[in-house]
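**Student:** I would like the atomic coordinates for the input below:
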Amino acid sequence: MAREIELRHFRYLLAVAQEGTVSGAAARLGMTQPALSRAIQYVESAVGTALFERGHQGVTLTPAGQALYADALVVDQAARTAVARASRHDLQETRLRVTARGCEVDILQHLVSHHNATRGAHAPARGDVVDGGTQLAEVRAGDADVTIVRQPFDRRGIDTELVRADRRVALLPSAHPLAARKVIERADLADEVFPVWSDTTDEHAAYWAGADRDAYPWKPGPVVTDAAQYTAHIRLGHAVGFVPEPLLPELTLTGISVVQVRDLSPSRVELAWSDTATSRHIAYFVQNAAELAPA
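**Tutor:** As a prediction, the model looks like this:
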């Protein structure tokens with residue numbers, strides 16, 4: 001009979017791969033180095049091939065190890081998510097936790113209120129405002145059931161449903177040659193400088209520069225971490241930018257002109273939940289939201 005691999009073995013593999021040494025992983029896991037080495041050898045025996053290349057500087061994953069590492073991450077996350085969900089729900093009540101960034105609080109309140117009015121007797125929902133950098137991580141970990149998020153975002157491990165698509169507009173410094181125009185086209189801003197959000201991907205950066213539909217040339221500008229920095233650089237003439245039109249009331253627009261753009265892709269607002277979730281109450285919430293979405 002083939003040897004069985006348990007959840008702890010996956011976590012041992014993850015720790016060794018992430019620490020780069022067996023000794024470092026053993027210290028992180030609170031176990032002895034010989035015991036961890038034996039556990040890794042057990043996994044390699046079960047798989048039938050080496051998972052790590054050993055060297056004087058530590059260990060690195062073999063191709064087989066890299067394949068198992070990717071799956072181990074999924075297994076470990078699914079296990080942690082299951083425990084987190086169970087700890088949040090008792091036999092007396094099932095309460096959905098629905099999150100959003102502060103700028104989406106209107107949508108959050110509307111969807112939660114509608115759900116509670118129609119399905120609240122079975123699974124009431126509570127809305128929470130969270131940081132945009134953590135909202136998807138909370139959903140993947142089971143700390144939140146559903147979140148309201150705008151594209152672009154990392155869709156790994158996530159299922160989604162469109163809530164609405166908002167028009168995007170251009171923000172130009174008041175002294176910009178096109179600032180007095182009512183409507184422009186994206187090609188009018190070819191070769192312009194755009195702010196770049198920190199920790200973004202090339203795909204996301206292209207979206208924020210309006211180059212996701214057509215590969216318009218653009219130049220990366222100042223790196224920003226929040227909306228205040230974003231608009232400040234535009235006001236100072238360091239860059240131009242695009243934002244969803246419904247978010248304009250949340251921004252400081254002194255010294256900035258708002259101009260419509262004829263051919264930009266929209267900003268999609270979506271509900272997101274873990275693709276491992278099986279709760280019928282999440283399904284009810286998503287169904288209710290879809291009924292409210294404009295055709």
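**Student:** Could you list the low-confidence segments of the chain?
**Tutor:** For the chain, the stretches with pLDDT under 70 are 1-3, 84-94, 294-295.
**Student:** how about the strands in it?
**Tutor:** Using DSSP state E, the strands found in the chain span residues 52-55, 58-61, 96-100, 125-129, 146-150, 158-166, 168-173, 183-184, 193-197, 219-224, 241-244, 256-261, 267-274.
**Student:** Save these as CSV, and put in mean neighbour count and distance to residue 73 too.
**Tutor:** Any C-beta I mention is one placed from the backbone N, CA and C, and that applies to glycine too. Output for the strands of the chain, formatted as CSV (neighbours: other Cβ atoms under 10 Å; distance: least, Cβ to Cβ, whole Å):
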stretch, mean neighbour count, distance to residue 73
strand 52-55, 12, 16
strand 58-61, 17, 12
strand 96-100, 23, 23
strand 125-129, 17, 26
strand 146-150, 24, 21
strand 158-166, 16, 15
strand 168-173, 22, 34
strand 183-184, 15, 44
strand 193-197, 20, 25
strand 219-224, 15, 28
strand 241-244, 21, 33
strand 256-261, 18, 40
strand 267-274, 22, 14
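**Student:** tell me the angle the helix ranked longest in the chain makes with strand 267-274.
**Tutor:** Longest helix of the chain, by residue count under DSSP state H: helix 63-88. Counting by axes from the mean of the first three to the mean of the last three Cα atoms, to 10 degrees, helix 63-88 lies at 90 degrees to strand 267-274.
**Student:** what's the spacing between helix 63-88 and its chain's center?
**Tutor:** From the chain centre to the centre of helix 63-88 is a distance of 17 Å (Cα atoms, centre = their mean, to the nearest Å).
**Student:** what does stretch 35-47 give?
**Tutor:** 34 Å.
**Student:** still on that earlier bit, so what secondary structure elements neighbour the longest helix of the chain?
**Tutor:** Counting contacts by 3 or more Cβ pairs under 8 Å, 6 or more residues apart in numbering; DSSP states H and E, helix 63-88 is packed against helix 7-19, helix 135-141.
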